[in-house]
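**Student:** Quick one: sequence plus predicted model below, questions after.
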Amino acid sequence: QVHLVESGGGLVQAGDSLTLSCAASGGSFSTYIMGWFRQAPGKERDFVAAISWSGSSADYADSVKGRFTISGDIRKNIVYLQMNNLKPEDTAVYFCAADTRSGLSISRTSNEYDYWGPGTQVTVSS
């Protein structure tokens, strides 16, 4: 059973940086797509970024491209989301997710991800 736990959320000011971590266990993560999604109050869960360790590729939502960086430590089974120049509109609960079925193809669709962490709150004040 795949288990994901996020950490690193908090309250920051606009322009600050924050790094989220996702500790993963129970699976063969070198073959998975690992993604980050976020959900603001009253809104749908949106794609933020994803990484394919097996294909060494990454994808980002246009809203975070150039500010956020996804990376991973395959030996520790940890996925990171480095967030720079944070904006109030980045405020949301951030979820880590694993797609164990798509192989090399990175999907931006939450339905393609079959395991989820409980989420961590990120609040950016103006």
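**Tutor:** That came in fine, so what should we check first?
**Student:** ranges for the helices of the protein?
**Tutor:** With DSSP state H, there are no helices along the chain.
**Student:** Where does pLDDT dip in it?
**Tutor:** 54-55 (pLDDT under 70).
**Student:** residue boundaries of the strands in it?
**Tutor:** Using DSSP state E, the strands assigned to the chain run over residues 3-7, 10-13, 18-25, 33-39, 45-52, 57-60, 68-73, 78-83, 92-99, 115-116, 120-125.
**Student:** Could you please name the strands the last one pairs with and the direction of each pair?
**Tutor:** Looking at strand 120-125 with DSSP bridges, its paired strands and their directions are strand 10-13 (parallel), strand 92-99 (antiparallel).
**Student:** Equivalent analysis for the shortest one, please.
**Tutor:** If you go by DSSP bridges, strand 115-116 pairs up with strand 92-99 (antiparallel).
**Student:** So which residues make contact with the strand it pairs with?
**Tutor:** Under the criterion Cβ atoms under 8 Å, 6 or more residues apart in numbering, residues 2, 4-6, 9, 20, 22, 24, 27, 29, 32-40, 43, 45-46, 48, 50, 79, 81, 107, 110, 112-122 lie in contact with strand 92-99. (C-beta placed from N, C-alpha, C; glycine too.)
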